[in-house]
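*Asks:* Model the following, please.
(chains A, B, C and D)
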2 protein chains.
Amino acid sequence: MQSRTPAGRTGRPRNAAADAAILAATRQALVELGWSKLTLGDVAVRAGVAKTTLYRRWPGKNELVVDAVAELFDELTLPDRGSLAADIEGVVLQFAAILARPEARSGLMAVVAEATRDEALRERIRASIVERQKRLVLAGRARAQARGELAPESDPDEAARAVDLIFDMVAGAVVHRTLVSAEPADEKWVHGFTRVLVFGLTPGPGPGPG
Amino acid sequence: MQSRTPAGRTGRPRNAAADAAILAATRQALVELGWSKLTLGDVAVRAGVAKTTLYRRWPGKNELVVDAVAELFDELTLPDRGSLAADIEGVVLQFAAILARPEARSGLMAVVAEATRDEALRERIRASIVERQKRLVLAGRARAQARGELAPESDPDEAARAVDLIFDMVAGAVVHRTLVSAEPADEKWVHGFTRVLVFGLTPGPGPGPG
DNA sequence: ACCTTTCGCTACGGGTCGTAGCGTAATACC
DNA sequence: GGTATTACGCTACGACCCGTAGCGAAAGGT
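*Replies:* Residues are numbered from 1 along each chain as shown, chains lettered A, B, ... in the order given. As a prediction, the model looks like this:
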């Protein structure tokens, strides 16, 4: 047993508080400067650490911002509100609240853009941000099936595709509303969105989108 | 009448061919270098113009890339395929095809990210990219109402909100699927998406999402 | 005490930025 | 044709940021 230090290593241990300080400084810099004007030297000064310390812990700006933004999504939960529509509305409102924060707005899209040319970064985003969100979709779907609101999927492959589709529709709509249309995903909008998602554009069992 | 030159100005006219060359060079650089490593000096060399010419025509990298990417969306059309679902599938497939191109993938998200801190850039994106797409939603909706598939909206304010909602759902889902989930929005996916959008998650008049 | 790792600091070459200045080219007006 | 006006290509520049190397000191284990 040599696991008193994080990985059984010898030598001076890393200052754990510095990690938190650096990530907080990164978010602060994102708010004040935005992605493009954010420099690692500036973050180091804000965090009260040397620039070299930053480079010892993160490969570069991209990975640092991913980790800084990922922490924002820790607060996502899925309380049981009794129905599929209510569950969707609840989680979408939480998601919208996160995306309304400037550090998320400027950082998230930028790293996604960078990830289009960086497979490792894409995987980092998937593991630390996307996967956590997708688990909420899975949980909500299971609940709805237990309630009888959705038909249970026998084919697990089909089920996975359905979850991916729903996830892209929910997250995509909120992100597009917030960042591209640049208008708030408030309760009214979320309500209309949920109605369309659950009942569709054509007036079926529920009222139409008007 | 002094409007033979574009705006009635005197002096040497601008080389119109240079504009096209610069935008094409920008797209090429986006493919080869991506957003972050794209430099205006490099674009100038590719286009065969001086770097100063670039700065005389565009305020900076952001605006240049917006214009370069906007041209990609010129090809969007909305052929009448007979039904709302078919119309949606057609235009979504076109949209997906554009987003599959590397110059769109790396450029679009990056400028949207920059636009979160730049009101003028946001307006430029809205005018040259978003508005054109939204017009297709308007046209498709009018067709569906003419066919009787959608109830006509009496309140123009409600109608505008519905169009905005649909637009965010369609564009958002495709963008998220393509850029965040990083998987192709192929025919199978588009078909499933359209079914959910038109008929909803719950098995109403149509079949469920499975 | 000794070893190992981290940390802060300084310094560096390399690259990009955005602008200024200059001479020249291309057009409109007279 | 001559002149005014604008666009163009080119060069050069200070400022900034990058990412790394090298050093001495600090903080833990053994």
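*Asks:* Check chain A and tell me which residue is nearest its centre.
*Replies:* With distances taken as CA atoms, centre = their mean, A:Ile129 lies nearest the centre of chain A, 4.5 Å away.
*Asks:* quick one: it and A:Glu71 touch, right?
*Replies:* No. In this structure A:Ile129 lies outside contact range of A:Glu71 using CB atoms under 8 Å: 9.9 Å. In this view, the C-beta of every residue, glycine as well, is placed from N, C-alpha and C.
*Asks:* on that earlier part again, neighbours of the closest residue to the residue nearest to the centre of chain A other than its chain neighbours, how many?
*Replies:* Excluding its sequence neighbours, the residue lying closest to A:Ile129 (CB to CB, 6 or more residues apart in numbering or on different chains) is A:Ala70, at 5.1 Å. Neighbour count of A:Ala70, defined by other CB atoms under 10 Å in any protein chain shown: 20.
*Asks:* Got phi/psi on A:Ala70?
*Replies:* With angles defined as degrees, to the nearest 10, A:Ala70 sits at phi -60, psi -40.
*Asks:* what do you get for A:Gly192?
*Replies:* phi -60, psi -40.
*Asks:* got the contact list for the nearest residue to it once chain neighbours are set aside?
*Replies:* Nearest residue to A:Gly192 in three dimensions, chain neighbours excluded: B:Leu165, at 5.5 Å (CB to CB, 6+ apart). By CB atoms under 8 Å, 6 or more residues apart in numbering or on different chains, the contact list for B:Leu165 reads A:Trp189, A:Gly192, A:Phe193, A:Val196, A:Pro209.
*Asks:* Verify the stated contact: the fourth one with B:Thr202.
*Replies:* Pointing back at A:Val196 there. No. Under the criterion of CB under 8 Å, A:Val196 makes no contact with B:Thr202, lying 11.9 Å away.
*Asks:* Compare these two (neighbour count), which wins?
*Replies:* Just comparing A:Val196 and B:Thr202: by other CB under 10 Å the higher neighbour count belongs to A:Val196, 23 against 20.
*Asks:* and the helix or strand containing the more buried one, what does it pack onto?
*Replies:* Per DSSP states H and E, A:Val196 falls inside helix A:187-199. Packing contacts for helix A:187-199, counted by 3 or more CB pairs under 8 Å, 6 or more residues apart in numbering or on different chains; DSSP states H and E, involve helix A:84-99, helix A:156-175, helix B:156-175.
*Asks:* Do me a favour and average the pLDDT over that helix.
*Replies:* Mean pLDDT, helix A:187-199: 97.
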